[in-house]
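Peer 1: Turn this into a model:
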Amino acid sequence: MRWASALSREPRAAAAFDEAAGALEQQLEGSPPDLLLTFVSPDHASACEHIARLAVRRFARAKQVGCTAGGVIGAGHEAEEGPALSLTAGVLPGAVLSAFRVDTEGRLRSGAGAAPERDRVEGLPVEPPSLLLLADPFTLDVSSFIEEVDRAYPGAPKFGGLASGGREPMENRLLLGEEVHRTGGVGIAFSGDVAIETLIAQGCRPIGDPMLVTRCQHALLQELDGRPPLLVLSELYHQLDARDRELMQQSLFVGFEMQSGAVEYEPSELLVRNVLGADERTGALVVGAELRPMSVVRFMLRDAHSAEEELRRMLVRHRHASPDRPSGALLFSCVGRGAGLFGCPDHDTSLFEEQLGPTPLGGFFCNGEIGPVGGTTFLHGYTSAFAIFREARGGGARRADEAR
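Peer 2: Numbering: from 1, shown residues only. Alright, predicted model coming up:
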């Protein structure tokens, strides 16, 4: 297995593709890739059809998918402003790759052919595959689609992100071979001799103690440990220092346990969701998730320091669990991270290289990130979601959910 990643800042799309493609060929030393991922800034959106044709002609063997992005990642660097194009390629001997298209109704089409009628996920391998999904946030209900795929392939890694850069429907582009779509989704199913591990850094830290949901209705959180949540928050607020009090007013989230039956919870095992509103009369909170009675929750805060420390902790844990250097990696990072959050470019990519070593790393800044928490796949926000590729040992795909 060999990977390569390249980034071009050329303002002309054809020149950008040629520069990045030449860098890929040099890194791969002439080996034709089996996979090509193309991410382009909005500056190149109008040239996506031309870029797709160039890619198919130059890398005829490769399964190609890609999308437009508000910021692109290539060669381990993050390009958040101005024209940019990244290409990431993999030579994957022994792996089986299937490209697919998802229409706006969530129906999956194998390759560029007709939609299977019997089963929405028919056309993918019988063996549970790892799935990369790139989707348009305006025209596809991604949460419902990944729930359906999770039911079809429980435990198999699903990862990816929502195209960004477009501000309204039909502005984003999705690449699938020579085709360019403005709706739905595209992706790659991986099976055979490839190991893909996922790492999800949600960027929050817990405050206060874990509590039980003792009364709830759908997304309405009515009681925590038998008390109104607003009362719990008021008491917690007065226990915090000045900085955390300020954060609570603008960056308060709630984390839900996803490992039923566990006694202790790592922050990474909590699904982070927004606090959407409050009812001062009853003391209830509205949150961005369907609630379950007697589940464990914790309030959480998000800031640059918390995001950095969580990612560092996750990468260190991953390195201890999988000490071999990755062959390649993909990063799907929220548009709310990057230099705007950390105050410097290349923050997450540099931390990845610091902890796991130099690795061909590509990806993009997303309008939502796809990845598993506690064995279930979710659509996230403010997250950095990594897919880390290695050669499978003993054949077949394996899974290391959140690098545990």
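Peer 1: got the contact list for stretch 26-36?
Peer 2: By Cβ atoms under 8 Å, 6 or more residues apart in numbering, the surrounding residues in contact with stretch 26-36 are 2, 4-6, 24, 55, 59-64, 66, 87-92, 95, 97, 188, 360. Just so you know, the C-beta spots here come from the backbone N, C-alpha and C atoms, and that holds for glycine as well.
Peer 1: ChimeraX command for the buried members of those residues?
Peer 2: With 16 or more other Cβ atoms under 10 Å as the burial test, the buried ones among these are selected in ChimeraX as follows:
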select :2,4,5,6,24,55,59,62,63,64,66,87,88,89,90,91,92,95,97,188,360
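Peer 1: and the contacts of stretch 26-36, which of them are in strands?
Peer 2: Taking DSSP state E as the definition of strands, the contacts of stretch 26-36 contribute 2, 4-6, 63-64, 66, 87-91, 95, 97, 188.
Peer 1: tell me the two of the residues you listed that are most distant?
Peer 2: Among the ones in strands among the contacts of stretch 26-36, the pair separated by the greatest distance (Cβ to Cβ) is 6 and 95, at 21.2 Å.
Peer 1: Name all residues that make contact with residue 92.
Peer 2: Taking Cβ under 8 Å, 6+ apart, we find residue 92 in contact with 1, 34-35, 190, 193-194.
Peer 1: Look up the closest residue to it, ignoring the ones flanking it.
Peer 2: residue 34 (4.6 Å; Cβ to Cβ, 6 or more residues apart in numbering).
Peer 1: so what pLDDT did that neighbour get?
Peer 2: The predicted structure scores residue 34 at 97 on the pLDDT scale.
Peer 1: so which strand or helix has the closest residue to residue 10 other than its chain neighbours?
Peer 2: Of all residues not flanking residue 10 in the chain, residue 16 sits nearest, at 3.8 Å (Cβ to Cβ, 6+ apart). Following DSSP states H and E, one finds residue 16 within helix 13-28.
Peer 1: Please identify the buried residues of that helix?
Peer 2: Judged by neighbour count (16+ other Cβ under 10 Å), helix 13-28 contains these buried residues: 13, 16-17, 19-21, 23-25, 27-28.
Peer 1: now the very next helix or strand once past that helix, how far from the centre of its chain.
Peer 2: For helix 13-28, the succeeding helix or strand toward the C-terminus, using DSSP H and E, is strand 35-40. Computed by Cα atoms, centre = their mean, to the nearest Å, the separation of strand 35-40 from the middle of its chain amounts to 15 Å.
Peer 1: Helices of the stretch 301-404 of the chain, start to end?
Peer 2: Ranges of helices within the stretch 301-404 of the chain are 304-321, 338-342, 347-356, based on DSSP state H, counting those that start in this stretch.
Peer 1: Kindly reformat the ones you listed as CSV containing mean pLDDT, distance to residue 132 and mean neighbour count.
Peer 2: Output for the helices of the stretch 301-404 of the chain, formatted as CSV (pLDDT from 0 to 100; distance: least, Cβ to Cβ, whole Å; neighbours: other Cβ atoms under 10 Å):
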stretch, mean pLDDT, distance to residue 132, mean neighbour count
helix 304-321, 94, 19, 17
helix 338-342, 94, 21, 18
helix 347-356, 97, 18, 19
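Peer 1: Show me the one of those helices that comes nearest residue 173.
Peer 2: Closest approach to residue 173 among the helices of the stretch 301-404 of the chain (Cβ to Cβ): helix 338-342, 21.1 Å.
Peer 1: Give the other helices and strands that the closest one contacts.
Peer 2: Based on contacts counted as 3 or more Cβ pairs under 8 Å, 6 or more residues apart in numbering; DSSP states H and E, the elements that helix 338-342 packs against are helix 304-321, helix 347-356.
Peer 1: So what touches it?
Peer 2: Counting by Cβ under 8 Å, 6+ apart, residues outside helix 338-342 touching it are 71, 78, 80, 304, 307-308, 345, 347-348, 365.
Peer 1: roughly how far is that helix from the heart of the chain?
Peer 2: Taking Cα atoms, centre = their mean, one finds helix 338-342 lying 17 Å from the centre of the chain it belongs to.
Peer 1: cool, stretch 340-352 as well?
Peer 2: Offset of stretch 340-352 from its chain centre (Cα atoms, centre = their mean): 16 Å.
Peer 1: returning to that earlier point: mind checking the helices of the stretch 301-404 of the chain for the one nearest to residue 210?
Peer 2: helix 304-321 (17.3 Å).
Peer 1: now that closest one and helix 347-356, what's the angle there?
Peer 2: Counting by axes from the mean of the first three to the mean of the last three Cα atoms, to 10 degrees, helix 304-321 lies at 30 degrees to helix 347-356.
Peer 1: Put the alpha carbons of helix 304-321 into CSV.
Peer 2: Provided in CSV are the C-alpha atoms of helix 304-321 (Å, rounded to 0.1, in the frame of the first residue of the first chain):
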residue,chain,number,x,y,z
ALA,A,304,-9.4,26.3,21.4
HIS,A,305,-7.6,24.8,24.3
SER,A,306,-10.2,22.1,24.9
ALA,A,307,-10.2,21.2,21.2
GLU,A,308,-6.4,21.0,21.1
GLU,A,309,-6.1,18.9,24.3
GLU,A,310,-8.8,16.4,23.2
LEU,A,311,-7.2,15.9,19.8
ARG,A,312,-3.8,15.4,21.3
ARG,A,313,-5.2,12.9,23.8
MET,A,314,-6.9,11.0,21.1
LEU,A,315,-3.8,10.9,18.9
VAL,A,316,-1.6,9.7,21.8
ARG,A,317,-4.1,7.0,22.6
HIS,A,318,-4.3,6.0,18.9
ARG,A,319,-0.4,5.8,18.7
HIS,A,320,-0.2,3.5,21.7
ALA,A,321,-3.0,1.3,20.3
